[in-house]
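In: Generate a structure from the sequence data that follows.
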Amino acid sequence: MKLGELASRLGAELRGDADLEITGVKGIEEAGPAEITFVANPRYAGLARTTRAAAVLVEPEFQAIAPATLRIKNPYHAFSRALAFFYQPPAYAAGIHPTAVIDPTAIIGEGAHIGAYAVVGPGVHLGPHATLLPHVVLYPGVRAGSHFFAHAHAVVREHCILGDHVTLENGAIVGADGFGFAKNESGQWEKIPQSGPVRIGDRVDVQANACVDRATVGATEIGSGTKVDNLVQVGHGSRVGENTLLCAQTGLAGSSVVGSNAILAGQVGVAGHCTIGDGVILTAQSGVSHDIPPGQMISGSPGFDNRVWLRAVAIFQRLPDLVKRVSRLEARMEKTSDRSSEASRENDV
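Out: Here you go, the predicted model:
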């Protein structure tokens, strides 16, 4: 593809040779003279001057550099769009593999692809153009909208409801029993039935080996546009708003509430029954055991304001030196006190 055509398709301002032939997209340090790259983070701006790439996707006000530039407001998003021009994932033709097991009461929308050894239970409703890859299992009563895509070994449990354009990556589990147990009179843990389904909105991605548990009562809910990363745990009865990111190894305990447009970075933990407001950012490895008002950035465990946390971390690194200084000051004070005591005794004599 010519660079000029690529710029036109992206809606970017081109500064450079429109006739350059572009064959692919790569990172800024790996890209060669027939590939494009991007700069979205200021820390990589210096690499734009030394990259071997044919062209660089940058923001409109980016400095002039030797390679051609495609100037656009959101270069990272433009990069993802450009990548789609050069890489297409496998396409799956409509049809049902002979080893798939489909209950006669299931309703399968037009254009569906159902792969080898997939299982579709009684009363399942699949919208148009669904794709179930090998060994996907849909329990009884599952409902999924149009363009549902389940990668191999994904499982959706009974009576869960998924919207349009939902993607489940390999090993994702939607609707497994929540972790609910009660002690009986003998001190033994008895399982509490988990009767409530999971309800997932439109354009939700649940990544590999993530788990969204069903509710004891009511429902566990994931809002439209939300993305659930690998190995995330969404506890029973939790509610997550729209366009929120739950990043790798984040865990929501039961009945957590997370607002819309929030970001929970890697390994964040949220205690049960806590409410995280709209637009909140919890930085990596934060632990939250109380409600967080909208719009705040929280760090640490227990979590508190990110700006205070940054100062606290800087002080924490200096603690060994501060302890030494305090010890020296205490020693000096003891010596001063001893001299004062000796002088007092001499005066008494």
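In: P75 is in contact with V58, correct?
Out: Yes. At 5.6 Å, V58 counts as touching P75 under the criterion of CB atoms under 8 Å. Quick note: C-beta positions are derived from backbone N, CA and C, even for glycine.
In: shared neighbours of these two, anything?
Out: F38, V39 (CB atoms under 8 Å, 6 or more residues apart in numbering).
In: three-state assignment of F85?
Out: What DSSP: H, G, I helix; E, B strand; the rest coil gives for F85 is helix.
In: what sits against it?
Out: With CB under 8 Å, 6+ apart, F85 has these contacts: M1, L6, R9.
In: neighbour-wise, which of those leads?
Out: For the contacts of F85, the largest number of neighbours (other CB atoms under 10 Å) sits with L6, at 24 neighbours.
In: So that residue, which state does it fall into?
Out: Relying on three-state DSSP, one would call L6 helix.
In: Could you list every helix and strand in contact with the longest helix anywhere in the chain?
Out: When the chain is parsed with DSSP state H, its longest helix is helix 306-348. In terms of contact count using 3 or more CB pairs under 8 Å, 6 or more residues apart in numbering; DSSP states H and E, helix 306-348 is assigned the packing partners strand 297-299.
In: Name the strands paired with the strand it packs on and say parallel or antiparallel.
Out: Neighbouring strands of strand 297-299 in its sheet, by DSSP bridges, are strand 281-282 (parallel), strand 304-305 (antiparallel).
In: Just give me the neighbour total for the nearest residue to K183 once chain neighbours are set aside.
Out: In this structure, K183 finds its nearest non-sequential neighbour in W189, 6.0 Å apart by CB to CB, 6 or more residues apart in numbering. Neighbourhood size, W189 [other CB under 10 Å]: 10.
In: residue contacts, the residue nearest to D291 when sequence neighbours are not counted?
Out: Distance criterion CB to CB, 6+ apart; nearest residue to D291, sequence neighbours excluded, is T275 at 4.6 Å. T275 sits next to S256, V257, G259, D291, I292 when contact means CB under 8 Å, 6+ apart.
In: so T275 bridges to which residues?
Out: Beta-bridge pairing for T275 (DSSP bridges): V257.
In: which intervals of the protein have sub-threshold pLDDT?
Out: 338, 341-349 (pLDDT under 70).
In: show me where it has helices.
Out: Along the chain, the segments classed as helices by DSSP H run 3-10, 75-86, 306-348.
In: Please convert these to CSV, extending it with distance to I222.
Out: Formatted as CSV, these follow (distance: least, CB to CB, whole Å):
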stretch, distance to I222
helix 3-10, 31
helix 75-86, 22
helix 306-348, 26
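In: Compare the ones you listed and give me the one nearest L162.
Out: helix 75-86 (23.7 Å; CB to CB).
In: Buried deepest among the strands paired with strand 297-299, which one?
Out: Highest mean neighbour count among these (mean count of other CB atoms under 10 Å): strand 281-282, with a mean of 24.
In: Show me what it is in contact with.
Out: Contacts of strand 281-282 (CB under 8 Å, 6+ apart): 262-265, 268, 270, 276, 288, 292, 296-299, 303, 306.
In: at 6 Å what do you get?
Out: With CB atoms under 6 Å, 6 or more residues apart in numbering as the test, strand 281-282 has contacts from I263, L264, V268, M297, I298.
In: and what of stretch 168-186?
Out: 150-157, 160, 189-192, 194, 198, 206-214, 216, 236.
In: Tell me the one of the contacts of T275 nearest A64?
Out: G259 (41.7 Å).
In: and that closest one, how many neighbours does it have?
Out: Neighbour tally, G259, other CB under 10 Å: 20.
In: and if you look at F79?
Out: Residues near F79, counting by other CB under 10 Å: 21.
In: you'd agree it is up against A40?
Out: No. The criterion here is CB atoms under 6 Å, and F79 misses it with A40 at 7.5 Å.
In: Mind splitting this structure into its structural domains?
Out: 3-86, 314-349 (automatic domain parsing).
In: Skip the chain neighbours and tell me the closest residue to T283.
Out: S299 (4.4 Å).
In: got a list of what that neighbour touches?
Out: By CB under 6 Å, 6+ apart, S299 lies in contact with T283, S286, N306, W309.
In: Can you add distance to P104 and neighbour count and give the residues you listed back as JSON lines?
Out: Output for the contacts of S299, formatted as JSON lines (distance: CB to CB, whole Å; neighbours: other CB atoms under 10 Å):
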{"residue": "T283", "distance to P104": "51", "neighbour count": "18"}
{"residue": "S286", "distance to P104": "49", "neighbour count": "26"}
{"residue": "N306", "distance to P104": "56", "neighbour count": "16"}
{"residue": "W309", "distance to P104": "58", "neighbour count": "19"}
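In: from those, which is closest to E221?
Out: Nearest to E221 out of these is S286 (CB to CB; 22.7 Å).
In: Now for the residue nearest to the closest one when sequence neighbours are not counted, how many residues are close by?
Out: Among residues not flanking S286 along the chain, G303 sits closest, at 4.5 Å (CB to CB, 6+ apart). When neighbours are defined as other CB under 10 Å, G303 has 23 of them.
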